[in-house]
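J.: Pasting a predicted model and its sequence here:
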Amino acid sequence: MSPRTSVWGVNLPPVAGGPRRPGAPPGRRRRIHTSKAARRQPAGVQIVGYERGIGDGADSPALRLADGSGSLERVVLAPGVELSYSLDERHCAGVVDGDVHVACDAPAAPYCDEHTDRWACARCTGGCDRPLPACREPHAVYLAAFAPATFKVGVTREWRLDRRLREQGADRAALLRTVADGRIAREFEAEIAAEVGDRVRVPAKIRGLHRSVDEAAWADLLAAHPHEETFAFEYGLALTDRPMRETIATGTVRGLKGRVLVLDTAGGTYAVDLRDLLGHDVQAGPTDRDLQASLGAWD
């Protein structure tokens, strides 16, 4: 593959991998819809995806930007990186097909109905015939804790356990059991979810970014659920106050926890849900918006 040119005129390496939902693991491909090819292709630069990487290089967290021609740029979100983008209008983020972006000007954001990825397994409770190859792989059932005391049960393929927990921004976790396939895992998950819950919203995660896990509450939960192994995660954010939630792409990257990006800018610290950036057209240069002051004085 030949080198690409970034939307800002910088040479970039080729983008590897197939089309997939932002933040989704490799192997989960999204259908490329082109039935409305006559739509006007938006000009300029747009945020069209993000990657919740947990390492360095190709596995680092990143934003994906596309220009009007469909070329892509990967903007790494490593600590210390300076972001300088101002956000303009928001519309459907279209779809990424390998190293090409197919644009869409539908006003719905982050995705229009045509480009929304619907994954039936997300709400499966085990009453299925294991329709996907991944369903037949060994699965792990886990508990996850988000500071200070928000908990959930979840399932993932066994080999993805550590990565899945980091992608969600879990502070603590426990492997309850490993089972033969996804159907058994979902049945077991559904039983525990009635008590613990099976999802944690991003606002709850942001409220606890500067907090530590309530160890007593976590210990009580573990005592009620036999488990094989426990985990603890650190994200290097070094926060003493709760950051304000904002939708910006300006500032110095402090770090990433799940899909929450923490930025320092204008004397404050801000938490950005990466999904809230999807679909925004952007201009080079920092935001000129007035940002809210830190909540630290009241937290």
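T.: Received the coordinates, thanks. Numbers count the residues shown, from 1 in each chain.
J.: Now the most centrally placed residue in the chain: closest residue in space, sequence neighbours ignored.
T.: Centroid-nearest residue in the chain: residue 259, 3.6 Å away (criterion: Cα atoms, centre = their mean). Excluding the flanking residues, the one nearest residue 259 by Cβ to Cβ, 6 or more residues apart in numbering is residue 274, at 4.6 Å. In short, each C-beta sits where N, CA and C put it, glycine included.
J.: does that neighbour really touch residue 51, like I thought?
T.: No - look at residue 274 against residue 51 with Cβ atoms under 8 Å: they stay out of range, at 9.2 Å.
J.: quick one on the thing from earlier: quick one, phi/psi of the residue nearest to the centre of the chain?
T.: phi -100, psi 20 (degrees, to the nearest 10).
J.: Which stretches in this structure count as helices?
T.: In the chain, helices defined by DSSP state H lie at 161-168, 182-196, 202-207, 215-223, 274-277, listed in chain order.
J.: Let me have these in a markdown table, adding distance to residue 79 and mean pLDDT as columns.
T.: Output for these, formatted as a markdown table (distance: least, Cβ to Cβ, whole Å; pLDDT from 0 to 100):
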| stretch | distance to residue 79 | mean pLDDT |
| --- | --- | --- |
| helix 161-168 | 15 | 97 |
| helix 182-196 | 32 | 95 |
| helix 202-207 | 18 | 97 |
| helix 215-223 | 27 | 98 |
| helix 274-277 | 16 | 98 |
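J.: mind putting those helices in TSV, distance to residue 64 included?
T.: Converted to TSV, those look like this (distance: least, Cβ to Cβ, whole Å):
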stretch	distance to residue 64
helix 161-168	16
helix 182-196	29
helix 202-207	19
helix 215-223	35
helix 274-277	10
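J.: how close does the residue nearest to residue 247 when sequence neighbours are not counted sit to residue 246?
T.: Leaving out its chain neighbours, the residue that sits closest to residue 247 by Cβ to Cβ, 6+ apart is residue 276, at 4.6 Å. When distance is defined by Cβ to Cβ, to the nearest Å, residue 276 is 9 Å away from residue 246.
J.: looking at it, residue 114 is touching residue 108, isn't it?
T.: No - counting by Cβ under 8 Å, residue 108 is not a contact partner of residue 114; they are 9.2 Å apart.
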